[in-house]
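Student: Could you look at this predicted model? Sequence included:
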Amino acid sequence: DGSAPATEAIRSAIQAAKAAGGGTVYFPAGKYVAGPIELVSNLVLHIDAGATLSFPAAKLPFTKGRAQGIECLTPVPLIGGTNVENVTITGRGAITTNNAEWTKLMGGPQQEAPFGPGWAHLRELLELKTPQPEEEYRKVAPLLRPSFIRFMEARNILIEGIHIVGSPFWTVHLLYSTNAVVRDVSIETYPGSFTDGIVIDSSRDVRIANCYLDNGDDAITLKAGKDADGLRVNRSTENVTITNCIVHHGSAGVVMGSEMSGSIRNVVASNIVCQGTWMGMNIKSDRGRGGVVENVRLDHWTMDDVGRAINISQYYVLEARVNSSDTRVSERTPVFRNIVVDNMSINRCRATVAYEKLPPVMINIEGLPEMPISGLRLTNIIASGKSGLKAHDTVAMELHNVQVNADSGPAFLIRDSKELELDGVSTREPLADAPVIRLDRCPGAILRGSRAFAGTGTFLSVAPGELKDIVLMGNTFTSARTPTAESAANLW
């Protein structure tokens, strides 16, 4: 009935299953209060309908783990297993904790410096030498919160059916694990700070399906280590499918990075609904991080009332840092290539993000001059919101059948992009005082099969002397007052 801790009884049942070579630990309907639960191989943890397993906030012992892309000492997870295989957490019951209690116990993470100056100092030390002596990790361990569920160096993992309410930190954390499935799970942690829903961290062969996510941070995020420490570990996240998920609140629906030093590749995210999130899809990194994001397909999404719908940026900044000005290409240069964004409906996009001080933008694509985003394709997208699409420093970017209806500015604002192809791009809500498309320093760009709708002032605007370098094919400009124009205007 929850009147006394069940920790020892749960531990004894798990050890009995281990001694038998495997088995099921069953929670019938009722209330259970427990401390951290350590799982073993060949185990089913079955939390039946009507059962609630609660974890009070508490100071916990430390163990090896990873937080925000850095190997370190972390508090033990509330439910977890290391070097285990064939483990299932299942049932229609609930597991809960109270984020407010963790905040009262440990203090609240801050957006600019999540774990305080001690954590920032450790990051500085790791740039000089990684790993650091254990004493340095012990200094910051008390600053960290535990994951709710964490599997580390695990194989053949299944989490299904359960309802998770609240979390101290990341909710489901798959670290250095292989062949994991998370399906039919509901995770509600909003508005708890840094309570990401599902974190796939240097893991492979992972399938996420049919989940409901209402989180205080990113709903589903793929990571692979950060900066010098991530490059030392050099373990990728790859072979991931995400499908049939609904996301409310929080930072974003599906995120890759910014911890990507070990690389992220071979990812498909399809049939996703985002409502009220700060962003829809977010692929992010910055100079100095290194790693590659490649072979990614995001398909069949609907986004409503999101801050920014699509964000693909190599200029991400967090923890009071500033972007590096070092433009030398090295292993520390992040690479984005071969990304497909297809079949998206975007409605009522606010075009702003709470933690950014940037001009409004609905679709934001930011490559580095020294390492442009390569092979990005956006296809079959209709987007309506406060501001349009902005892109710079890309190579071989293609837009096919993309309609952007923006309240202000050009619908498409693109600069410093090579081998650009715009095919069937349009706006059905043209603005008399802004061109539909503005291109700057995009030599050889192709604009074809595109149509100007009634009310269009200028359809295509370019800088003086650049129109001769644009290829126009099969466009219908009859409804435009000025089909093409050269102008020195700086719309950035």
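Tutor: Nice, I can see it.
Student: mean confidence for stretch 481-492?
Tutor: Average pLDDT, stretch 481-492: 95.
Student: List the buried residues in that stretch.
Tutor: Within stretch 481-492, the residues that count as buried by 16 or more other C-beta atoms under 10 Å are 483-485. In short, each C-beta sits where N, CA and C put it, glycine included.
Student: pull the CA atoms of that stretch into CSV?
Tutor: Presented in CSV, the C-alpha positions along stretch 481-492 are these (Å, rounded to 0.1, in the frame of the first residue of the first chain):
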residue,chain,number,x,y,z
ARG,A,481,4.0,42.4,-61.0
THR,A,482,7.8,42.0,-61.4
PRO,A,483,8.9,38.4,-62.2
THR,A,484,12.6,39.0,-61.6
ALA,A,485,14.6,41.9,-60.2
GLU,A,486,18.1,42.8,-59.2
SER,A,487,18.3,44.7,-55.9
ALA,A,488,21.0,45.7,-53.5
ALA,A,489,18.7,45.2,-50.5
ASN,A,490,20.1,43.3,-47.5
LEU,A,491,17.2,41.2,-46.2
TRP,A,492,19.3,39.3,-43.7
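Student: mind checking the longest strand of the chain?
Tutor: strand 335-349 (DSSP state E).
Student: Show me what secondary structure element comes after that one.
Tutor: strand 363-366 (DSSP states H and E).
Student: in its sheet, what does that next one sit against?
Tutor: strand 308-313 (parallel), strand 389-395 (parallel) (DSSP bridges).
Student: What lies in contact with the longest one?
Tutor: In other words, strand 389-395. For strand 389-395, contacts defined as C-beta atoms under 8 Å, 6 or more residues apart in numbering pick out 361-369, 372-376, 383, 397, 402, 404, 411-420.
Student: That one: how far from the chain's middle?
Tutor: Strand 389-395 sits 20 Å away from the centroid of its parent chain (C-alpha atoms, centre = their mean, to the nearest Å).
Student: and the angle for that strand with strand 335-349?
Tutor: Counting by axes from the mean of the first three to the mean of the last three C-alpha atoms, to 10 degrees, strand 389-395 lies at 170 degrees to strand 335-349.
Student: And the pLDDT for the closest residue to residue 118 other than its chain neighbours?
Tutor: Using C-beta to C-beta, 6 or more residues apart in numbering and skipping residues adjacent in sequence, the residue nearest residue 118 is residue 140, 4.9 Å away. For residue 140, the model assigns a pLDDT of 94.
Student: need the contact list for residue 140.
Tutor: Counted by C-beta under 8 Å, 6+ apart, residue 140 has contacts 72-73, 115, 118-119, 122.
Student: Ramachandran angles for it?
Tutor: Here is the backbone geometry of residue 140 (degrees, to the nearest 10): phi -100, psi -20.
Student: now swap in residue 458 and tell me
Tutor: The phi and psi values for residue 458, taken as degrees, to the nearest 10, are phi -100, psi 130.
Student: The strand or helix carrying residue 95 pairs with which strands?
Tutor: In the assignment (DSSP H and E), residue 95 maps to strand 94-96. Sheet pairing of strand 94-96 (DSSP bridges) gives strand 51-54 (parallel), strand 163-165 (parallel).
Student: for the record, mean pLDDT for the longest one?
Tutor: Taken as a whole, strand 51-54 carries a mean pLDDT of 98.
Student: cool, the shortest one as well?
Tutor: Taken as a whole, strand 163-165 carries a mean pLDDT of 98.
Student: Tell me the buried residues in whichever strand or helix holds residue 206?
Tutor: Using DSSP H and E, residue 206 maps to strand 204-209. Buried residues in strand 204-209, defined by neighbour count with 16+ other C-beta under 10 Å: 204-206, 208-209.
Student: In TSV: the residues you listed, plus pLDDT and distance to residue 86.
Tutor: Below are these laid out as TSV (pLDDT from 0 to 100; distance: C-beta to C-beta, whole Å):
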residue	pLDDT	distance to residue 86
204	98	17
205	98	15
206	99	16
208	98	19
209	98	20
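Student: Need the residues that contact the strand holding residue 206.
Tutor: For strand 204-209, contacts defined as C-beta under 8 Å, 6+ apart pick out 174, 177-184, 198, 200, 220, 236-245.
Student: Now the element after it, going C-ward?
Tutor: Using DSSP H and E, the helix or strand that follows strand 204-209 in sequence is strand 212-214.
Student: Quickly run through the sheet partners of that following strand, with directions.
Tutor: Paired neighbours of strand 212-214 in the sheet (DSSP bridges): strand 186-188 (parallel), strand 237-248 (parallel).
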